[in-house]
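Enquirer: Mind folding the following:
(one chain, ligands or ions: 1)
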Amino acid sequence: MVLPQFDMCINNAWLLHRRDGKKTSLKDFRFELFDGLSKSNRIGTNQNVTDDIGENLKIHKPVSVRPTDSVRFDNTGHLPEAAEYVASKEGGTLIKLNDFTYNLSSQNGPKSKWQCSTHAAHGCHAVLYTFNNVIVGLKDLHNHAAPT
Ligand SMILES: [Zn+2]
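Expert: Reported below is the predicted structural model:
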């Protein structure tokens, strides 16, 4: 079992190891570390592997976890977007987001699907999804420029 706390120590040790100009991958480093620790019987003890590293060299603030690649490249804007409800010419409700408008196309309880209101008929597949009036999904892959 690898405790998360211990896991971070390994990463810290690895980063220091890299700083020394050594180019071991983290995975190999872990194997080497495990090997070394099993030989010296340090595995299983509560001894901190970074105990002998100066306090000023330790990394105290780990960088925050990055989104996975599948999230980063899913063509979905994850930044807060300014959206608003606007009335359509026909008196219906549209959602306006980044100069594009979306028509309610289907509804299932609190879930709604909205399609590009200007070009859905021209093959635009841009859609957005709301849950209780909050945008929870957006595929803004319009095949046209924003209507003016
Ligand atoms: Zn569109």
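
Enquirer: how does the chain divide into domains?
Expert: 1-40, 84-139 (the TED database).

Enquirer: Of those, which shows the lowest average pLDDT?
Expert: Here the lowest mean pLDDT among the domains of the chain goes to domain 1-40, at a mean of 66.

Enquirer: Contact residues of the protein facing the ion?
Expert: Within the chain, the positions near the ion by Cβ under 5 Å from the ion are 116, 119, 124, 126, 142. Glycine gets a C-beta too; all of them are placed from N, C-alpha and C.

Enquirer: Mind picking the two most distant members of these?
Expert: His119 and Ala126 (7.8 Å; Cβ to Cβ).

Enquirer: Who are the packing partners of the longest strand anywhere in the chain?
Expert: Longest strand of the chain, by residue count under DSSP state E: strand 100-108. Here strand 100-108 touches strand 93-97, strand 111-116, strand 127-131, going by 3 or more Cβ pairs under 8 Å, 6 or more residues apart in numbering; DSSP states H and E.

Enquirer: Only the buried residues of stretch 139-148, if you could.
Expert: Within stretch 139-148, the residues scored as buried using 16 or more other Cβ atoms under 10 Å are 140, 142.

Enquirer: Can you check the distance spanned by it, start to finish?
Expert: One end of stretch 139-148 to the other measures 20 Å (Cα to Cα, to the nearest Å).

Enquirer: ok, and what's touching it?
Expert: Identification of contacts with stretch 139-148 by Cβ atoms under 8 Å, 6 or more residues apart in numbering yields 75-77, 97-101, 116, 118-119, 122-128.

Enquirer: Buried among those residues? Make that a ChimeraX selection.
Expert: Buried members of those, defined by 16+ other Cβ under 10 Å, are picked up in ChimeraX with:
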select :97,100,101,116,118,119,124,126,127,128
